[in-house]
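S.K.: here is my input; please provide its structure:
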Amino acid sequence: MKIAVITDDGKTISQHFGRAQHYLVATVENGQIVNREMRDKLGHNHFSNQPHEEEKPGQPHGTDAASHNKHLQMSEAITDCEALLCRGMGTGAYESIKARNIRPMITDIADVDEAVMAYANGKIIDHVEKLH
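M.R.: Presented below is the predicted three-dimensional model:
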């Protein structure tokens, strides 16, 4: 199983999906991490020159069509993964990741290896209350 984690340093899970610079993709087999691969990740700064759609009142952040397209581009590098672990993300990004058939998980675990193994062992909690 391949599990993606957003990170800036390869050791800790970043606080925000959109601002993280990398994905660390961990491959888990037989209860152990057998491979780690750092992949570049598009972030908010990659889209700064593109027009921004106005959000409608009462609409959750990042759920407009333009934002969904950006989230899909940001997740292109992890389409071979079954899950994405992060410590914070917007509602729109969360829903866009789900649309890719990748399970987004908002965790309070900062350590990459600990979070990956918690997911692999079915012991991670998805803190959807941290969506913004």
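
S.K.: report the central residue of the protein.
M.R.: Nearest to the geometric centre of the chain sits Leu84, at 4.5 Å (CA atoms, centre = their mean).

S.K.: quick one, helices of the protein?
M.R.: Listed in chain order, the helices of the chain (DSSP state H) span 65-74, 91-99, 112-120.

S.K.: and the second one, what does it pack against?
M.R.: If you count contacts as 3 or more CB pairs under 8 Å, 6 or more residues apart in numbering; DSSP states H and E, helix 91-99 packs onto helix 65-74, strand 103-106. All C-beta spots, glycine's among them, are computed from the backbone N, C-alpha and C.

S.K.: tell me which helix or strand of the chain sits lowest on mean pLDDT?
M.R.: helix 65-74 (a mean of 85; mean pLDDT, DSSP states H and E).

S.K.: hmm, back to that, of all the helices of the chain, which lies closest to Asn35?
M.R.: helix 112-120 (11.3 Å; CB to CB).

S.K.: buried residues in the closest one?
M.R.: Val112, Ala115, Val116, Met117, Ala118, Tyr119, Ala120 (16 or more other CB atoms under 10 Å).
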